[in-house]
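**Student:** I need the structure of the sequence given here:
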Amino acid sequence: MAKKKPVVITDPRAIRALAHPARQRVMDELYDGNVLTATECAELVGLTPSAMSYHLRALERWGIIERAEDSGDGRERPWRSRGASLMISSQSNNVGRVASQTIMRTTADRVLEQFEQVAADDPWDDVSSLSRSRLWLTHEEATQFGEELRDLVDRYKKGRGPANHPAGSRMISTLLAVVPTGKPPQDS
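**Tutor:** Presented below is the predicted three-dimensional model:
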């Protein structure tokens, strides 16, 4: 099987399709390497299987997920990610910006929830961290910085997933953000 490439979403309508919290939760699971039926997805997010099927078909329509091979009984066909990762890249117009910001807010909220869910006596609590920095970079440096962060995450992924990871490993959530602040320089 060929190595999956990242799925890059640029169409504001596709980004808007991603903004639903139930869809985002299911995409997290599918892009973590899980293959799930509509019923399993529905259980994750508290929807009926028919409502979840609607959401899954919408994600399929935009090329974000796809049907996996049949499970055997033929009644429920499972779903999987269409790529190795999902990148949202649309800031070009107001609709794209609003949709992207909605997804970013939901994603950040989910990471905050995960911080809150770590028990005080969890032996892995010492690896929990949040770091915020302010850097003065040129446009070229900021682009390179973002690429290097993605490369670093990819290096640690090493093709690992729910069905393929070393003993003693645990899923770790990361959130990387590169955000320009203030006004752009005159020569931009």
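**Student:** what's the longest helix along the chain packed up against?
**Tutor:** If you go by DSSP state H, the chain has its longest helix at helix 94-117. Helix 94-117 is packed against helix 12-18, helix 21-31, with contacts defined by 3 or more Cβ pairs under 8 Å, 6 or more residues apart in numbering; DSSP states H and E. All C-beta spots, glycine's among them, are computed from the backbone N, C-alpha and C.
**Student:** Now tabulate those in TSV and tack on mean pLDDT and distance to Q114.
**Tutor:** Output for these, formatted as TSV (pLDDT from 0 to 100; distance: least, Cβ to Cβ, whole Å):
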stretch	mean pLDDT	distance to Q114
helix 12-18	81	19
helix 21-31	90	11
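**Student:** Dump those helices into JSON lines; add distance to A108 and mean neighbour count as well.
**Tutor:** Formatted as JSON lines, the helices and strands packed on helix 94-117 follow (distance: least, Cβ to Cβ, whole Å; neighbours: other Cβ atoms under 10 Å):
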{"stretch": "helix 12-18", "distance to A108": "15", "mean neighbour count": "19"}
{"stretch": "helix 21-31", "distance to A108": "12", "mean neighbour count": "19"}
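**Student:** Output those in a markdown table; the columns should cover distance to C41.
**Tutor:** Below are those laid out as a markdown table (distance: least, Cβ to Cβ, whole Å):
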| stretch | distance to C41 |
| --- | --- |
| helix 12-18 | 15 |
| helix 21-31 | 5 |
